[in-house]
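[1] sequence unknown, structure follows:
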C-alpha cells in the first residue's frame, strides 16, 4: 500500500476484507487498485470482444431496441444516450446482476444484435460478481455484516471533442417538443447554478430566471460572482465540464478506462486531483450508499474534457475515451 493519503494504492492481493473501509475512514477519498490478469481478461471480454457491437457502433434504431430506461438515469438499463449540459455526456450499455439460490440473473436479459438476442455467458456474470464481491468485502467495516447488494456493470463512451459533445447535446434538446425544449433549457441553466443558487429549490428559481429577459442578466451576473469564489466549481484553462461535481448513489464505483481527452477528478484539500484511470487499474470511489449503510464518507468527483492540441489519429476507434465501471447498489 502506498501513494498519498488522499489516494491510496493497493495491489489486488492486498484487497482484504475491511481494508478499504479502514482507508476511507482514515481520510482517503479514492483507492487505486492494481488488478491481476483475471481483471485484464475481464476487460477484454467486456470491451474488446469484436463479436459484440457496443451502442456507439450501431444505429439509433438498434440503441432504441435495447433501451430499458426511465426518466431517472440511475434507474435506466440497457443502451442509453444521455446528454445534458454539465450533467452527463455519454453513450452507454448498462446491466445489473443479482444472485439467488446459486443462480445469476441479469437485467436486461440480453441485448438484441442483428435481430438475435445475445446473452452474456454465466462465466462472465460470475466473474463480474466475484470482482464486485471482493471490493464490497473490502468496503465493509469488520464490525458490520455485509449488506444486500446487486452488481452494476456499465460501459461508457465519451466524445472525442467538445464540438462533438455539444453537437449531440443540441441534437437531443432539439428533438423535443416546445415544452420539452423549455424544460431542457431550464435543466441546463440549473446545472450551471453556483453558490446559494445551487441549493434545492433555489436552483429551479435560478433556472427559470436565466430564461427571462429582464431577470437573466442579474441572475447570471450574480451566479458568475459565486463561481469565481468557489474552488469546487473552478476550471483550469482548456477544461470543459462534462459532469458537474457530484456523489454517486451506489456503494462504490470501480472505474477503469481508456482515457484520452477525458479525466475524472476527485476533490482533495480544496482542489481537484486527477485520478490516473487506465485499462490496467481500478479507481474505487465510495458513494452515497456507503455513507448511509456503512458509515463511510462519500467522495465528490467530476468528469472534465481537455481538448488536445492535435486530435489523436485513433479518435474513432472502439476504445477511445471509454470507461468500464463496476458498482454495487
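    Thanks, I have it. Keep in mind that what you see is a predicted model, and the values were worked out from it rather than measured. Numbering: from 1, shown residues only.
[2] just the strands in the stretch 151-300 of the chain please.
    151-157, 239-246, 252-258, 262-268, 271-274, 282-286 (DSSP state E, counting those that start in this stretch).
[3] who touches stretch 161-171?
    If you take CB atoms under 8 Å, 6 or more residues apart in numbering as the criterion, stretch 161-171 is touched by 81, 83-85, 89, 158-159, 240, 242, 261, 305, 307, 311, 315. C-betas here are computed from N, CA, C, even on glycine.
[4] could you redo the last one with a cut-off of 7 Å?
    Applying CB atoms under 7 Å, 6 or more residues apart in numbering, the contact partners of stretch 161-171 are 83, 85, 89, 159, 240, 242, 305, 307, 311.
[5] and stretch 226-240, by the same measure?
    Contacts to stretch 226-240, defined as CB under 7 Å, 6+ apart, come from residues 162, 194-195, 197, 241, 245, 267, 270-271, 304-307.
[6] repeat the analysis, applying 8 Å as the threshold.
    Applying CB under 8 Å, 6+ apart, the contact partners of stretch 226-240 are 162, 165, 194-197, 241, 244-245, 267, 270-272, 300, 304-307.
[7] now the buried members of the residues you listed.
    Buried residues within the contacts of stretch 226-240, counting neighbours by 16 or more other CB atoms under 10 Å: 165, 194-195, 197, 241, 244-245, 267, 272, 300, 304-306.
[8] on that earlier part again, export the strands of the stretch 151-300 of the chain to TSV and tack on distance to residue 213?
    Converted to TSV, the strands of the stretch 151-300 of the chain look like this (distance: least, CB to CB, whole Å):
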stretch	distance to residue 213
strand 151-157	38
strand 239-246	26
strand 252-258	41
strand 262-268	36
strand 271-274	35
strand 282-286	41
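[9] rank those by pLDDT, which is bottom?
    The minimum mean pLDDT among the strands of the stretch 151-300 of the chain belongs to strand 239-246 (a mean of 90).
[10] what residues sit buried inside stretch 102-115?
    In stretch 102-115, counting by 16+ other CB under 10 Å, buried: 104, 106, 108, 111.
[11] tell me the secondary structure at the second one.
    Read that as residue 106. strand (DSSP: H, G, I helix; E, B strand; the rest coil).
[12] identify, from the buried residues of stretch 102-115, the entry nearest to residue 184.
    When the buried residues of stretch 102-115 are compared for distance to residue 184 (CB to CB), residue 108 comes out closest, at 26.8 Å.
[13] contact partners for that closest one?
    The contact partners of residue 108, by CB under 8 Å, 6+ apart, come to 66, 68, 77-78, 95.
[14] which single one of the residues you listed is nearest to residue 256?
    Nearest to residue 256 among these is residue 95, at 17.0 Å by CB to CB.
[15] in the stretch 51-200 of the chain, which spans are helices?
    Ranges of helices in the stretch 51-200 of the chain, per DSSP state H, counting those that start in this stretch, are 60-65, 122-139, 162-174, 178-191.
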